[in-house]
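**Q** After the sequence you'll find the predicted model.
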Amino acid sequence: PTRQNSIGVLLMLLNNLRKAIGVFIPLIYFLGRDLDFSIFYIMLIIGIFLLVLVLFLSYSFIEYRNFLFYIQDGQFVLQQGVLQRTRLSIPIERIQSIHLKQNIFHRIFNITALEVDSAGSKSSELEIKALSKPYARGLRDFLYEIKDELLEAEKDPETEGIEEVVKPEPQKAKTLLKLSPKEVFLIGISENHIKTGFVALAVIFGYGQQLTQYVEDQVDEYVAESTNLIMQSGISLIVTLIIIFLLLSVLLSLIRTFLKFFNFEATTDSRGLKIRSGLLSIKEYQVPQNKIQTITWSSNPLRKLLGLRTIQIAQASSVAEDKNSLVEIPGCKAESIQTLYHDYFPETLGEASAHYKPDLFLRYRFILFKAFIPSIIFAAFGFFLHPWIYAVAVIWLVLGIIVSVKYYQTFLLRIYPEGLKISKGWIFPNTVDLKLFKVQNVELTQSIFQERRDLATVVIHTASGSYEMPFLKKYYAHTLANFLLYKIETSNKKWM
């Protein structure tokens, strides 16, 4: 059995203190707001703080001593716990990927964290928080070697005759994408700034509500003064606040992009896709080729002008639509996308053998909900508030019809001999690529309105989530579903 690097004691201490902060801050506030802070009370507080620190340090040291990991009988075993001891073991052949992660604390002490994902796990099933980088990389490579040996030696009678996914010959790693600071800046500038701004506001309001219960009187007074100021200042202040919001949103997008994608590098080899990125927190993780379920590329108007697309690789997960299973490759150019498809998704290259488009009823539905209904609502506001809102209603109606028609035209499902593509989106185009043998189930759904018009929606389920092609003619929906089910039943390839 092996222990972590000795720096792990400090990591455990910081983690335990972080968990305790949420309890201690409200307690200190309630106990301290009516106290007379004389020398005696100050010394008493310092003494209590030192005592608590010693207790936490002792607990963290015991936690460090009890944290052991080792390999036994084809299992990677981790033991931990102080008051309650736990033993976690993962069969090495079930290990799907091993990631290395470094936050700023790790980088100061030149250590790294190692995370192990197993088949079907929602998140990291096992984590060792403090290892030297050479040891962590050696352990990762050693576990992969043992896994390959176990899989080669394994002979399961029930799976005889099943065709394995063809594994390419071992090859030297080649660089798929490497981002310079300038390219990271362009990615940040072309982010969805409005979304970033609203997410930031949600976080601020969330923490604000928690603090309000402790300083409620002061907050109420401040809100009242701010409301009066806004009412008196009128439209000029509102416009100023909107401009400030947009500028801060752009700044936050740039900061987030540099923190996440600085020094981004994606390489590919016979084992799968390796990605390393981060400014303060460096993440180094690997996506095994057999765990890749779908590849999705998307863009926006600004990124189109820059010739960039964002790639998302969805991995197999026990939880549908699990965001933790998505791997993002930003700022891909055409040549990088071609390389990625050639190495991992050759099934969707070339000419499609069949095309499916939704019925025109979907276009009319978009026009109704995206154009007519909002315009009627604006017109009602114009009737009760101010006539100039009628102009907004007319503009919305015209633009809504144009956007709805263009959006409908982008819906397309293309079938290839061993793959499929689902495309949609006019302003924000999005395309999903899927290998047919990765499909797990196909479902036909019908609403009341679809049933009356002999329409149906085809829902395709995979280990990384579900995808649909809506409002197909029922005959074509059945044809597509039967074809996909036939490919599932006749394929001898393993989906993972």
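**A** Structure received.
**Q** Please spell out the segments of the stretch 51-200 of the chain that come in under the pLDDT threshold.
**A** 119-124, 154-171 (pLDDT under 70).
**Q** Looks like residue 466 contacts residue 460 (just checking).
**A** Yes: if you go by CB atoms under 8 Å, residue 466 and residue 460 touch, sitting 6.6 Å apart. (Glycine included, C-beta is placed from N, CA and C.)
**Q** Compare these two (neighbour count), which wins?
**A** Neighbour count, other CB atoms under 10 Å: between residue 466 and residue 460, residue 460 has more, with 25 against 13.
**Q** for residue 253, helix, strand, or coil?
**A** What DSSP: H, G, I helix; E, B strand; the rest coil gives for residue 253 is helix.
**Q** got a list of what it touches?
**A** Contact analysis of residue 253 by CB atoms under 8 Å, 6 or more residues apart in numbering lists 188, 189, 191, 192, 193, 196.
**Q** Give me the pLDDT value at residue 285.
**A** At residue 285, the model reports a pLDDT of 82.
**Q** same check, this time on residue 401
**A** 96.
**Q** since we're on it, how many residues are nearby?
**A** 17.
**Q** pLDDT below threshold where in the stretch 251-400 of the chain?
**A** Within the stretch 251-400 of the chain, the ranges that satisfy pLDDT under 70 run 317-325.
**Q** And the helices in the stretch 101-250 of the chain, which stretches?
**A** 104-108, 133-153, 181-189, 193-212, 216-233, 235-261 (DSSP state H, counting those that start in this stretch).
**Q** wait, which of the ones you listed is closest to residue 357?
**A** helix 193-212 (29.2 Å; CB to CB).
**Q** picking up where we left off before, just the buried ones from the contacts of residue 253?
**A** Using 16 or more other CB atoms under 10 Å as the burial test, the contacts of residue 253 include 188, 191, 193, 196 as buried.
**Q** Nearest to residue 362 among the contacts of residue 253?
**A** residue 192 (25.1 Å).
**Q** where does the residue lying closest to the closest one once chain neighbours are set aside fall, phi/psi-wise?
**A** Excluding the flanking residues, the one nearest residue 192 by CB to CB, 6 or more residues apart in numbering is residue 300, at 7.0 Å. The phi/psi pair for residue 300 (degrees, to the nearest 10) reads phi -150, psi 170.
**Q** gap between residue 474 and residue 49?
**A** 71 Å (CB to CB, to the nearest Å).
**Q** In terms of neighbours, single out the busier of those two.
**A** residue 474 (16 against 12).
**Q** Around residue 374, how many other residues sit close by?
**A** 15.
**Q** Does it touch residue 395 like I think?
**A** No: in terms of CB under 8 Å, residue 374 does not count as a neighbour of residue 395; the distance is 11.0 Å.
**Q** Mutual contacts of these two, please.
**A** Joint contacts of residue 374 and residue 395 (CB under 8 Å, 6+ apart) do not exist.
**Q** hmm, back to that, any chance of the helices of the stretch 101-250 of the chain in a markdown table, with distance to residue 489 too?
**A** Shown next, in a markdown table, are these (distance: least, CB to CB, whole Å):
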| stretch | distance to residue 489 |
| --- | --- |
| helix 104-108 | 48 |
| helix 133-153 | 25 |
| helix 181-189 | 43 |
| helix 193-212 | 41 |
| helix 216-233 | 62 |
| helix 235-261 | 42 |
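**Q** Sounds good, over and out.
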